[in-house]
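Engineer: pasting the sequence and the predicted model now:
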Amino acid sequence: MKNRISLVCIVVLMAMVVPASADPDLSVESITTNCGYLFGNESNGISATITNNGTDCEGSFNVSFVLSDGFSTIESVDALASGNNTTVSIIDPTIRDAGAEVTITVTADCHGGIAEDDGSNNETTLDATVVNNGYKGKTYTGGENITTWKTFDLNGDLVYSAGDSYYLSAYTNKHWTEYSANWTASDLPVPAAATVVEARLYVPYTYDKANVMPDEVSLDFNGIAQTRDVHYCDAKMYATSYPYGMLAYNVTDDFNADDNIANLTNSHSGGGNVSMRGMMLVVTYGDASEPRRQISVNEGFDLLYGGSGYCTTPDEATAWAPITGLAIDPSTIAGARLITFAPGADPTEGELIFNGQVWTDEWTDNEVHQIGISDRDVTSYLDSTDNIVGFQSNADWMEASNAILIVEEGDPWADSDSDGVPDCWDLEDDTPSGYLTDSEGRGYRIGDVNRDGKLTSVDALMILQAIVENIEL
């Protein structure tokens, strides 16, 4: 009896050590795409994991990738030991529209060069629906740039302010119904003799989980009901995705030079409301006492995040705003000023690009509203044509909405405070007479060596030290 049991055990053990297959057994275990999706308007990376469940595969074999809309390619694998796997990756250059349906078929040993006991698992398919990656700039997803909405050519200027607007979170205020912002005369210093040519109110929002925007809100400005002019929006556009965007209103007829109030009413019920970034009021005015200025106002909305975790790069997560409609002769330009708004850009986020010049960590808000603001002198980088603004995210959560270029006519070498530094790059335009200036026009008193605004014994000591170091004893 014992001998019979021992014999049975030996047979079982022999069965355990003999390979399940005397030949290689190649199988396609999985197919993966970039971040789990096929993205529209760009090439796509596709990978397949090939496993050998049989004996060593010592010879090379081919792996085919066939996509149902026409693209196919073959990659070679040198060898694959028993129990091992390898990942084969390709780039599919096909440019597709969002919504297209594609089947990906991957076949290991597609030419049948390897003898296998079981060839039924050599092929695997994956069905995919093409989506856009909304974290990329719309240039890369088939959408529109932040385009020039209107240009002005006048003696006058442009002023802007977020007033006392603030970030309203739908997380902590699920059932909010009213949102208001106020502006005083000091917020928007329009001269008394000026004529308001255009007053435009921008209302950016975020994380619209309940699809409140734009149809479940209404706006009064100074008590007068307003008609929405434009609704701009963007979203992640794959997986769980909520709209972000901006409403624009023309409030010119109801603007008041002394004070203004905007009131947004939310009629959505049931909670889960939209969050508000703030409000921005932009006023263009004419005034005969002002220099001639050409003003380009660009509008749009682009959700941005440049980082590998969302299959984007900073270059791809760039929103572009080409400036059009201005007739620029650099020899007659006294200065150029670029104002940009980036909702969602917390303090020191994002890169501003203007004609190739880059400023890093550019946009800041006041930590009350969430509209990042940049206001820069760009005279040195201005071109006569094809000026272009870029909003770039380098792992920054931000949106891009507005680019305003103001070009002022006049003598480019004018020096209004006679400090030896032209106004176009003078950071202090009222340097007192008799002061010295640094290369950027900032004045300091003669003898104020450490430039702290005071003449003290410290300055005297620094002068004596400089003298002694130049005297040979």
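Structural biologist: Looks like it came in fine. Numbering: from 1, shown residues only.
Engineer: nearest spatial neighbour of Tyr166, skipping sequence neighbours?
Structural biologist: Val368 (4.9 Å; CB to CB, 6 or more residues apart in numbering). The way it works is simple: take the backbone N, C-alpha and C, and place the C-beta from them, glycine included.
Engineer: for the one you found, what are phi and psi?
Structural biologist: phi -110, psi -60 (degrees, to the nearest 10).
Engineer: confirm for me that it is in contact with Gly163.
Structural biologist: No - the criterion here is CB atoms under 8 Å, and Val368 misses it with Gly163 at 10.4 Å.
Engineer: for the residue nearest to Tyr166, give me its contacts.
Structural biologist: By CB atoms under 8 Å, 6 or more residues apart in numbering, the contact list for Val368 reads 164-167, 278.
Engineer: quick one: mean pLDDT for the host helix or strand of Met462?
Structural biologist: Using DSSP states H and E, Met462 sits in helix 457-468. For helix 457-468, mean pLDDT is 75.
Engineer: okay, buried residues for it please.
Structural biologist: For helix 457-468, a neighbour-count test (16 or more other CB atoms under 10 Å) marks Asp459 as buried.
Engineer: domain ranges for this protein?
Structural biologist: When the chain is parsed with automatic domain parsing, its domains come out as 19-129, 138-409, 426-468.
Engineer: which of the ones you listed has the lowest average pLDDT?
Structural biologist: domain 426-468 (a mean of 69).
Engineer: for Tyr285, give the beta-bridge partners.
Structural biologist: Beta-bridge partners of Tyr285, counted by DSSP bridges, are Asp157, Val196.
Engineer: run a quick neighbour tally on it.
Structural biologist: Neighbour count of Tyr285, defined by other CB atoms under 10 Å: 24.
Engineer: ditto for Ala395
Structural biologist: 14.
Engineer: ok, Gln226 next?
Structural biologist: 20.
Engineer: tell me where the chain has helices.
Structural biologist: Using DSSP state H, the helices of the chain run over residues 2-17, 457-468.
Engineer: can you dump the C-alpha coordinates of the last one into CSV?
Structural biologist: Think helix 457-468. In CSV, the C-alpha atoms belonging to helix 457-468 read as follows (Å, rounded to 0.1, in the frame of the first residue of the first chain):
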residue,chain,number,x,y,z
SER,A,457,27.4,107.5,8.1
VAL,A,458,27.2,104.2,6.3
ASP,A,459,27.4,105.9,3.0
ALA,A,460,30.4,108.0,4.2
LEU,A,461,32.1,104.8,5.3
MET,A,462,31.5,103.1,2.0
ILE,A,463,33.0,106.2,0.2
LEU,A,464,36.1,106.2,2.4
GLN,A,465,36.6,102.4,1.8
ALA,A,466,36.4,102.9,-1.9
ILE,A,467,38.9,105.7,-1.7
VAL,A,468,41.4,103.7,0.5
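Engineer: and the spatially most central residue of the chain, how far from Phe391?
Structural biologist: Centroid check for the chain by CA atoms, centre = their mean gives Leu304 as the closest residue, at 3.1 Å. Counting by CB to CB, to the nearest Å, the gap between Leu304 and Phe391 amounts to 7 Å.
Engineer: what residues are shared contacts of those two?
Structural biologist: What both Leu304 and Phe391 touch, as defined by CB under 8 Å, 6+ apart, is the set 137, 318-319, 350, 398, 400.
Engineer: could you pull out the strands in the stretch 1-150 of the chain for me?
Structural biologist: Taking DSSP state E, counting those that start in this stretch to define them, one finds strands in the stretch 1-150 of the chain at 26-33, 44-52, 61-67, 72-77, 85-92, 101-108, 123-129, 147-161.
Engineer: ok, back up a step: which of the shared contacts of Leu304 and Phe391 sits closest to Gly453?
Structural biologist: Ranked by distance to Gly453 (CB to CB), the shared contacts of Leu304 and Phe391 are led by Gly350 at 33.7 Å.
Engineer: surely the closest one is in contact with Ala395?
Structural biologist: No - the criterion here is CB under 8 Å, and Gly350 misses it with Ala395 at 10.1 Å.
Engineer: where along the stretch 351-473 of the chain do the strands fall?
Structural biologist: 351-354, 357-359, 371-377, 388-392, 398-409, 436-437, 443-444.
Engineer: typed the wrong thing, it's the stretch 151-300 of the chain
Structural biologist: 178-184, 195-206, 217-221, 224-226, 228-234, 244-250, 259-266, 275-276, 280-286, 292-304.
Engineer: distance to Asn62 added to the ones you listed, as JSON lines?
Structural biologist: As requested, the strands of the stretch 151-300 of the chain are arranged in JSON lines below (distance: least, CB to CB, whole Å):
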{"stretch": "strand 178-184", "distance to Asn62": "62"}
{"stretch": "strand 195-206", "distance to Asn62": "49"}
{"stretch": "strand 217-221", "distance to Asn62": "58"}
{"stretch": "strand 224-226", "distance to Asn62": "65"}
{"stretch": "strand 228-234", "distance to Asn62": "42"}
{"stretch": "strand 244-250", "distance to Asn62": "46"}
{"stretch": "strand 259-266", "distance to Asn62": "60"}
{"stretch": "strand 275-276", "distance to Asn62": "53"}
{"stretch": "strand 280-286", "distance to Asn62": "59"}
{"stretch": "strand 292-304", "distance to Asn62": "41"}
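Engineer: select, out of those, the one closest to Pro314.
Structural biologist: Of these, nearest to Pro314 by CB to CB is strand 292-304, at 9.3 Å.
Engineer: who does Trp359 form a beta bridge with?
Structural biologist: Assigned bridge partners for Trp359, using DSSP bridges, are Leu352.
Engineer: over to Leu303?
Structural biologist: Glu399.
Engineer: Tyr232 is in contact with that one, correct?
Structural biologist: No - counting by CB under 8 Å, Leu303 does not reach Tyr232; the two are 10.7 Å apart.
Engineer: the two: who's more crowded?
Structural biologist: Leu303 (28 against 21).
Engineer: got the contact list for that one?
Structural biologist: 134-135, 234-236, 244, 399.
Engineer: ok, of those, which one's closest to Asp187?
Structural biologist: Closest approach between the contacts of Leu303 and Asp187, by CB to CB: Glu399, at 23.0 Å.
Engineer: what's the burial count for that closest one?
Structural biologist: Counted with other CB under 10 Å, Glu399 comes out at 30.
Engineer: can you check Ile95 too?
Structural biologist: By other CB under 10 Å, neighbour count at Ile95 equals 11.
Engineer: and what of the one 4 residues further on?
Structural biologist: Residues within reach of Gly99, counting by other CB under 10 Å, total 10.
Engineer: and the closest residue to it other than its chain neighbours, how far is that from Glu42?
Structural biologist: Ranked by CB to CB, 6+ apart and with sequence neighbours excluded, the top spatial neighbour of Gly99 is Val130, at 6.3 Å. Distance, Val130 to Glu42, using CB to CB: 10 Å.
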